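Visitor: give me a model of this one.
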Amino acid sequence: MSTAAPEAVAGARTGLAGALVVPATIFVAIGLLGPIAILFRYSLNQFIPGQFMVDGLTIENYVKFFTDPYYINVLVRTVRVAVICTLACLIMGFPLAYVIARTQSRFKNLLVMLIVLPLFVGNAVRAAGWMTVFGNRGAFNASLMGLGLIDQPIEIMFTETAVLIGIIAVNLPFMVLTLQSVIEGIPRNVEEAAFSLGAGPSAMFRRVLWPLALPGILAGTILTFILAMNAYATPVLLGGPKFQMMGPLVYGQFAQQNNWPFGGAISFILMTATILLTVAAHLIVQRRYR
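Guide: Have a look, this model is predicted:
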């Protein structure tokens with residue numbers, strides 16, 4: 001009898017935990033998996049101008065995407081931008097997250113608020129702000145011309161550089177906050193022990209801090225990579241109509257050309273590419289630092 005009671009309590013707790021998970025599971029199934037299934041079904045339909053969408057089971061939309069160099073270039077450009085933005089966020093975000101995590105200053109909460117503050121502003125508003133900076137008569141060019149450093153404005157707007165800066169600015173707080181929470185959980189005496197054993201700063205970082213912070217690094221890189229792959233407002237406003245990424249391309253197919261089957265195929269290709277690249281990077285890093 002004495003052993004049955006704890007087992008009954010444990011079973012009740014397990015049942016309660018399962019019951020609490022059910023609403024979230026149903027919500028995810030209805031709000032995420034359902035639309036994805038519908039989108040995939042739409043991607044197998046045919047598009048005939050004037051008839052909107054014709055039911056069918058064909059892969060011609062996927063064939064069209066992978067046989068057209070234009071769409072392949074858009075996918076490659078999107079992956080390239082996402083990788084560069086992720087690496088830039090990691091390189092810039094790790095030192096900042098380390099300083100915030102290790103500081104003993106009374107202004108630590110203020111520093112965290114300064115990191116969080118940009119998230120209160122929408123991506124479109126921030127992109128519009130960058131437009132006032134990067135324009136031919138914007139603050140950047142006006143300052144350089146006022147100092148006599150340049151005679152003609154530097155073309156930054158509607159280039160990949162502008163898009164990279166805009167996406168990095170959007171994603172950097174997510175990287176910093178993710179890394180900060182993980183670094184705070186690493187005991188400080190571990191670093192002190194490495195120094196006392198003769199390790200220099202670079203050796204301590206490479207052999208102690210980096211492996212222990214790897215869960216946060218993986219979480220931050222995955223989050224920023226996914227956000228960069230699916231960016232919409234920043235490429236549209238800072239890249240212009242000639243700089244296409246997958247997000248604006250999907251919107252154009254649905255809203256402008258009314259080609260839902262091809263838009264569904266592009267969406268599914270974008271989602272699949274994001275998942276495959278994320279999983280591949282995760283496995284490579286885990287195998288490297290196992």
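
Visitor: so which helix or strand of the protein has the lowest pLDDT on average?
Guide: helix 4-28 (a mean of 70; mean pLDDT, DSSP states H and E).

Visitor: so after that helix, what's the next helix or strand?
Guide: Downstream of helix 4-28, the next assigned helix or strand under DSSP states H and E is helix 34-43.

Visitor: what helices or strands is the helix or strand following that following helix leaning on?
Guide: Note on helix 34-43: by DSSP H and E, the next helix or strand toward the C-terminus is helix 60-67. Using 3 or more Cβ pairs under 8 Å, 6 or more residues apart in numbering; DSSP states H and E, the elements in contact with helix 60-67 are helix 69-102, helix 260-288. To be clear about C-beta, it is placed using only N, CA and C from the backbone, and glycine gets the same treatment.

Visitor: select, out of the ones you listed, the one closest to residue 254.
Guide: In terms of Cβ to Cβ, the element of the helices and strands packed on helix 60-67 nearest to residue 254 is helix 260-288, at 4.3 Å.

Visitor: how close does residue 276 sit to residue 269?
Guide: 10 Å (Cβ to Cβ, to the nearest Å).

Visitor: and what of residue 69?
Guide: From residue 69 over to residue 269 (counting by Cβ to Cβ), the distance is 15 Å.

Visitor: looking at those two, which one has more neighbours?
Guide: residue 269 (19 against 7; other Cβ atoms under 10 Å).

Visitor: quick check: that one vs residue 30, distance?
Guide: The value you get for residue 269 to residue 30, if Cβ to Cβ is used, is 24 Å.

Visitor: kindly report the same for residue 102.
Guide: 43 Å.

Visitor: what about the two, which has more around it?
Guide: More crowded of residue 102 and residue 30, by other Cβ under 10 Å: residue 102, with 14 against 10.

Visitor: next, count neighbours for residue 80.
Guide: 13.

Visitor: per-residue confidence at it?
Guide: Per-residue confidence (pLDDT) for residue 80: 96.

Visitor: so what's it up against?
Guide: If you count contacts by Cβ atoms under 8 Å, 6 or more residues apart in numbering, residue 80 has none.

Visitor: with only the CA atoms kept, save stretch 195-202 in CSV.
Guide: Backbone C-alpha positions of stretch 195-202 (Å, rounded to 0.1, in the frame of the first residue of the first chain) are rendered in CSV as follows:
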residue,chain,number,x,y,z
PHE,A,195,42.4,31.2,-16.1
SER,A,196,44.0,29.7,-12.9
LEU,A,197,45.1,26.7,-14.9
GLY,A,198,47.0,28.9,-17.3
ALA,A,199,44.5,29.3,-20.1
GLY,A,200,44.4,32.6,-22.0
PRO,A,201,41.3,34.5,-22.9
SER,A,202,41.1,32.9,-26.4
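
Visitor: now what about it, what contacts it?
Guide: Here stretch 195-202 has contacts from 204, 207-208, using Cβ under 8 Å, 6+ apart.

Visitor: least reliable of the helices and strands packed on helix 60-67 going by mean pLDDT?
Guide: helix 260-288 (a mean of 89).

Visitor: quick check: angle from it to helix 69-102?
Guide: 50 degrees (axes from the mean of the first three to the mean of the last three Cα atoms, to 10 degrees).

Visitor: and helix 260-288, what does it pack onto?
Guide: By 3+ Cβ pairs under 8 Å, 6+ apart, helix 260-288 packs against helix 34-43, helix 60-67, helix 69-102, helix 214-229, helix 246-251.

Visitor: now the helix or strand residue 176 falls within against helix 214-229, angle please.
Guide: Element membership of residue 176 [criterion: DSSP H and E] is helix 160-184. Going by the same axes, to 10 degrees, helix 160-184 is angled at 160 degrees with respect to helix 214-229.
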